[in-house]
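Undergrad: Fold the following for me, if possible:
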Amino acid sequence: MEEKPKKKYEIADKRKPGRKPMREEDKKVRPKSDRKPGRPSTGFNKKEYDNSHQHKGVYSHVEPDALAAKNRAFSAIEYIIENKIDNISSFSHFVKAFTLKRVSLIRVRDNDNTYLPIYLLIILVQNFHFSAHWLLTGEGEMIQKKENTDND
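TA: The predicted model follows:
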């Protein structure tokens, strides 16, 4: 019988030729307790959070006042579109005018677990003269009266 030529490495090892063979202890599967730790834990355990949280599956809670302020801001945008202020006739046009991300604003508008972005508040107050007090609290006039700066 002819003998087959010996390979440079054993098939069980499955390592490239020229590399050191695996140690016997590395070939064995180690129990989890002996394994090296991987990525450090963030400390957030979803199961524990679900069990301890009043609203299962809800990971953030927006205060009712903040939610109302967000709704007022989006109603202000609707007011701008309806009245075509500064020739803005659609939500897409509003977004393009201020180089905002349309999808991000729609997610904020439709999701009750998100806060009002501060940049949206700034745009409404500085460019369209909405009252910051009204946007945040709902009290007072919606649009600020333009002050007369003439010295006549």
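Undergrad: pLDDT below threshold where in this protein?
TA: For the chain, the stretches with pLDDT under 70 are 1-22, 25-61, 147-152.
Undergrad: how about 50 then?
TA: For the chain, applying pLDDT under 50 flags the ranges 9-11, 53, 55-59, 152.
Undergrad: buried residues in the longest helix anywhere in it?
TA: Assignment by DSSP state H gives helix 64-82 as the longest helix of the chain. For helix 64-82, the neighbour count (16 or more other Cβ atoms under 10 Å) marks A68, A69, K70, R72, A73, F74, A76, I77, I80, I81 as buried. Bear in mind the C-beta positions are built from the backbone N, C-alpha and C, glycine included.
Undergrad: Would you map the strands across this protein?
TA: For the chain, applying DSSP state E gives no strands.
Undergrad: Could I get the full set of helices for it?
TA: Under DSSP H, the chain gives helices at 24-27, 46-52, 64-82, 91-97, 102-110, 118-128, 132-137.
Undergrad: I'd like to know how far F94 sits from F74.
TA: As for F94, its distance to F74 is 11 Å (criterion: Cβ to Cβ, to the nearest Å).
Undergrad: measure the closest residue to A97 other than its chain neighbours to Y119 for me?
TA: Spatial nearest neighbour of A97, excluding adjacent residues (Cβ to Cβ, 6 or more residues apart in numbering): I88 at 6.1 Å. Separation of I88 from Y119 (Cβ to Cβ): 17 Å.
Undergrad: higher neighbour count, these two?
TA: Higher neighbour count among I88 and Y119: I88, with 19 against 10, using other Cβ atoms under 10 Å.
Undergrad: I'd say the more buried one and V95 touch.
TA: No: assessed by Cβ atoms under 8 Å, I88 is found out of contact with V95, at 9.7 Å.
Undergrad: what residues are up against the spatially closest residue to V95 that is not a sequence neighbour?
TA: Closest residue in space to V95, ignoring its immediate chain neighbours: R102 at 4.5 Å, by Cβ to Cβ, 6+ apart. Contacts were defined as Cβ atoms under 8 Å, 6 or more residues apart in numbering; by that measure R102 touches F91, S92, V95.
Undergrad: Any chance of the residues you listed in TSV with distance to Q144 as columns?
TA: TSV is the format used below for the contacts of R102 (distance: Cβ to Cβ, whole Å):
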residue	distance to Q144
F91	23
S92	27
V95	23
